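Chemist: Fold the following for me, if possible:
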Amino acid sequence: MKTLSDVAALAGVSKSTASRALSGRGSVSRTTQEKVSTAAQELGFVPSSAAESLATGRSRNIAVVTPFINRWFYSEVIDGVESALIGAGYDLTLYRLSDKTAQRQALFDYFLVRKGVDAVIALTLFISDDEVKRLRKLGKPIVGIGGKIPHVPTFSIDDIATARRATEHLIGLGHTRILHLGGDQEHQLDFMVHSNRLAGFRQALKNAGLPHSRDFIADEFDIAGGYRGAMKALADPKGRPSAIMAGSDEIAIGAMIAARELGIRVPEDLSVIGIDGHPLGETFKLTTMNQHPATQGSMAVSQAFAQLGGAWDESDDAHLELQVDLKIRGSTAPPSA
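Modeler: Numbers count the residues shown, from 1 in each chain. Purely as a prediction, here's the structure:
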């Protein structure tokens, strides 16, 4: 098995220079870096992760803490994180955090503190001041996705503004009987996505002078939930809305499936708009507000690397509001006469 010394000898540099060139840390000229890289490839040398960790103090491993793994938005963000980490030669450690206090305490007392991770990305989870201080004390940067966390660089979409824009698209087409299919207002995550999207929807109705009585049905934030909610809303022909603003693309797709089963044509009889940018939206010709979740994952990695490089002031509450794009497809149209 070839060693770092063999690589250094073939490249004609010292062992410490070869180590810096391969790790990407420290001052090494591009020419030297290329020589060392070529020598390593010729010899089939693969650096030991344990040895590199001892030499650099870094594990080249970043943790993502998330409440869900099997929901589309979360898996898409995680995919964006993983792609960015692989490109940089880093590993990903994934922790699914439930609402159990004991599990959360174990995560912050042991797993994130004692395990070998260089940084933590919190996905739609609020991190307390005490938890932030414990991680900062150990030199572990934190990045948040989904909402503001004091003393942590974060980014998210504006859920209120996004839902308002989606509803305004329907109003602009001439719809006045609009229903919001959204998530449960009693059971939701830290940054109140369900409530904020309902608030944005009702803001748009109020601004347009439209009534909002019996304008909301809550269910699970997935295709099945959208299907159930739409079946309730569309079953009575006399009280049907002419448009649905769904809290997510998955809810919107469920609503479109329900409409099809009831013989309701989209968009001729019913317009439907969602939020997220789900890949199935193209198949269903769904108009949506695309929030680019995979890009959010890669942005979180870039922010974590910036902190690891020292390019962030801990006293700065930096929060970036992300752009959301209206993608008009075939599921929205003016109401029929």
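Chemist: so who does residue 165 touch?
Modeler: Counting by Cβ atoms under 8 Å, 6 or more residues apart in numbering, residue 165 touches 200, 204, 289, 324, 326. In short, each C-beta sits where N, CA and C put it, glycine included.
Chemist: The first one reaches residue 161, doesn't it?
Modeler: Right, the one you point to is residue 200. Yes: if you go by Cβ atoms under 8 Å, residue 200 and residue 161 touch, sitting 6.3 Å apart.
Chemist: what are the ranges of the strands in the stretch 101-250 of the chain?
Modeler: In the stretch 101-250 of the chain, the strands defined using DSSP state E, counting those that start in this stretch lie at 119-123, 142-145, 154-156, 178-183, 216-219, 243-246.
Chemist: which element follows the worst-scoring helix or strand of the chain on mean pLDDT toward the C-terminus?
Modeler: The least trusted helix or strand in the chain, going by mean pLDDT, DSSP states H and E, turns out to be helix 49-56, with a mean of 50. Using DSSP states H and E, the helix or strand that follows helix 49-56 in sequence is strand 61-66.
Chemist: Please identify which helix or strand holds the residue nearest the centre of the chain.
Modeler: Closest residue to the average C-alpha location of the chain: residue 77 at 3.9 Å, with Cα atoms, centre = their mean. If you go by DSSP H and E, residue 77 is part of helix 72-87.
Chemist: What residues sit buried inside that helix?
Modeler: Within helix 72-87, the residues that count as buried by 16 or more other Cβ atoms under 10 Å are 72, 73, 74, 76, 77, 78, 80, 81, 82, 84, 85.
Chemist: Next up, the contacts around the residue nearest to residue 14 when sequence neighbours are not counted.
Modeler: Distance criterion Cβ to Cβ, 6 or more residues apart in numbering; nearest residue to residue 14, sequence neighbours excluded, is residue 8 at 6.1 Å. Neighbouring residues of residue 8 by Cβ under 8 Å, 6+ apart: 14, 15, 17, 18, 36, 39.
Chemist: Please identify which of residue 200 and residue 161 sits among more neighbours.
Modeler: Shown here are residue 200 and residue 161; by other Cβ atoms under 10 Å, residue 200 has more neighbours (23 against 15).
Chemist: now that one: how far from residue 89?
Modeler: Distance, residue 200 to residue 89, using Cβ to Cβ, to the nearest Å: 41 Å.
Chemist: what do you get for residue 20?
Modeler: Counting by Cβ to Cβ - residue 20 and residue 89 are separated by 15 Å.
Chemist: same question, residue 216
Modeler: Distance, residue 216 to residue 89, by Cβ to Cβ: 48 Å.
Chemist: Just want to know which of these two has more residues nearby.
Modeler: Applying other Cβ under 10 Å to residue 216 and residue 89 shows that residue 216 carries more neighbours, namely 18 against 12.
Chemist: partner residues bridging the more buried one?
Modeler: The partner list for residue 216 in beta bridges (DSSP bridges) reads residue 180.
Chemist: is it true that it touches residue 182?
Modeler: Yes: Residue 216 lies in contact with residue 182 (Cβ under 8 Å); the separation is 6.6 Å.
Chemist: Between the two, which contacts overlap?
Modeler: Residues touching both residue 216 and residue 182 (Cβ under 8 Å, 6+ apart): 198, 201.
Chemist: contacting residues for the residue lying closest to residue 159 once chain neighbours are set aside?
Modeler: With Cβ to Cβ, 6+ apart as the criterion, residue 159 has its nearest non-adjacent residue at 3.7 Å, and that residue is residue 196. Applying Cβ under 8 Å, 6+ apart, we find residue 196 in contact with 159, 160, 163.
Chemist: show me what contacts the first one?
Modeler: Residues counted as contacts of residue 159 (Cβ under 8 Å, 6+ apart) are 191, 193, 196, 197, 200.
Chemist: try residue 162
Modeler: If a contact means Cβ under 8 Å, 6+ apart, then residue 162 has 197, 200, 275, 289, 291, 324 as its contacts.
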